[in-house]
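**Q** The sequence isn't on hand, but the structure is:
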């Protein structure tokens, strides 16, 4: 089959699809083509990546597959096409998300211990509704507290192929090493530095928002801090080993 035609078909599929497409999904478009070479899709993707150099869009690989996306340097201008008010998230929400991303699997009580304040149910619900986090198991201690981890949707949203794409904590100048009992008492925006693209994607942190109105109540943790975990069916949850950097 003509490589140029394959490239055009792959390009059209990526532009038409609302979701990233994996290599297997792209290959399925050519199920009836006996002459398709095993690496034809990869070659087409490579050609598309080269052709996008210097353009306003780029071909990137995220957790769920490949997609075209607007380059960061032109994002602010293109974003003006959408007139609806962009969602804003409180500092507490972003800190909770960052802790789950870097320390997963982690319980709500452990998040509270690190932040030094209670985590409201509305914060966890908000992150679950965005499909950025999910329950991936229960810690094997009295009360069996839920263990939270990030999802493929989280990686896709932030343009990450896997959690290795997160900047190491040692490279973050705006946030000290996350250790148990460490209170997040730095300036607003601390959590935004923990993940690439947070500021652009969230359009800032709304400190006055009522999304997390009860987030800073001194609610004591009910989760135990130690004990082995017994994960449930994790589905598409992303569960790495704990990072020590």
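**A** Done, it's in. Here the structure is a predicted model, which means the values were calculated and not measured.
**Q** Okay, helices next: where are they in this structure?
**A** Listed in chain order, the helices of the chain (DSSP state H) span residues 3-16, 23-27, 40-51, 72-78, 91-103, 108-115, 121-129, 152-157, 198-202.
**Q** helices and strands around the fourth one, which ones?
**A** Helix 72-78 makes packing contacts with helix 198-202 when contacts are defined by 3 or more C-beta pairs under 8 Å, 6 or more residues apart in numbering; DSSP states H and E. Any C-beta I mention is one placed from the backbone N, CA and C, and that applies to glycine too.
**Q** what is the mean pLDDT for the helix it packs on?
**A** Helix 198-202 shows a mean pLDDT of 39.
**Q** picking up where we left off before, so which of the helices of the chain has the densest surroundings on average?
**A** For those, ranked by mean neighbour count under the definition mean count of other C-beta atoms under 10 Å, the leader is helix 91-103 at a mean of 24.
**Q** Quick one: list the elements packing against that one.
**A** For helix 91-103, the helices and strands in contact under the criterion 3+ C-beta pairs under 8 Å, 6+ apart are helix 108-115, helix 121-129, strand 146-151.
**Q** ok, back up a step: could you redo the helices of the chain as CSV and give each row distance to residue 163?
**A** Rendered in CSV, the data for those read as follows (distance: least, C-beta to C-beta, whole Å):
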stretch, distance to residue 163
helix 3-16, 24
helix 23-27, 21
helix 40-51, 23
helix 72-78, 20
helix 91-103, 7
helix 108-115, 17
helix 121-129, 16
helix 152-157, 7
helix 198-202, 15
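**Q** do you know which of those lies nearest residue 64?
**A** Distance to residue 64, taken as C-beta to C-beta, is lowest for helix 152-157 among the helices of the chain, at 5.3 Å.
**Q** any idea how far residue 58 is from residue 66?
**A** Taken as C-beta to C-beta, to the nearest Å, the spacing of residue 58 relative to residue 66 amounts to 11 Å.
**Q** Comparing the two, which residue is more hemmed in?
**A** Higher neighbour count among residue 58 and residue 66: residue 66, with 22 against 17, using other C-beta atoms under 10 Å.
**Q** what residues are up against the more buried one?
**A** Under the criterion of C-beta atoms under 8 Å, 6 or more residues apart in numbering, the neighbours of residue 66 are 14, 20, 21, 22, 23, 26, 45, 59, 60.
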